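Asks: model the structure of this input:
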Amino acid sequence: AIRIHFPVVSVRDMPLKWVFQQDNDPKHTSKRAKSWFQTNKINVMEWPAQSPDLNPIENLWGDIKNAVSEAKPRNVNELWNVVKESWSGITAERCHKLVDSMPHRCEAVIKNCGHTTKY
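Replies: Modelled structure (predicted):
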């Protein structure tokens, strides 16, 4: 699947030097996946497992969880509608702020010797 989706992502205004970040899910760190990244000369950031404070997407999942909690959907259709509405309401500015917070997140994790942070 990555060979289908990744080229689409990579053509978007990417800086000349960039690093791909992913979680350490076993399917993402398989020999096949590692080989694909190496063959395609893609730098993958070393990433600790179980590190939600280093995964900005977790903040977005939190936003959606809060929206669901506030809406109190009564059935699956209502739940799905709340999730879709919440997801579509996430702004580019919100995403940029989360991405821009990465240096601070990394510094905080290092400072806390890998323990949890405010993120």
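Asks: quick one: list the elements packing against the longest helix seen in the chain.
Replies: Determined from DSSP state H, the single longest helix within the chain is helix 57-71. Using 3 or more Cβ pairs under 8 Å, 6 or more residues apart in numbering; DSSP states H and E, the elements in contact with helix 57-71 are helix 76-88, helix 92-100. All C-beta spots, glycine's among them, are computed from the backbone N, C-alpha and C.
Asks: quick check, distance from it to the centre of its chain.
Replies: Helix 57-71 sits 14 Å away from the centroid of its parent chain (Cα atoms, centre = their mean, to the nearest Å).
Asks: check stretch 51-70 too.
Replies: With Cα atoms, centre = their mean, you get 10 Å for stretch 51-70.
Asks: same check, this time on stretch 74-87
Replies: On Cα atoms, centre = their mean, the centre of stretch 74-87 falls 21 Å from that of its chain.
Asks: for that stretch, which positions count as buried?
Replies: By 16 or more other Cβ atoms under 10 Å, the buried positions in stretch 74-87 come out as 82, 83, 86.
Asks: skipping adjacent residues, who's closest to the first one in space?
Replies: In space, and not counting its chain neighbours, residue 82 is closest to residue 71: 4.5 Å by Cβ to Cβ, 6 or more residues apart in numbering.
Asks: all good on my end, thank you.
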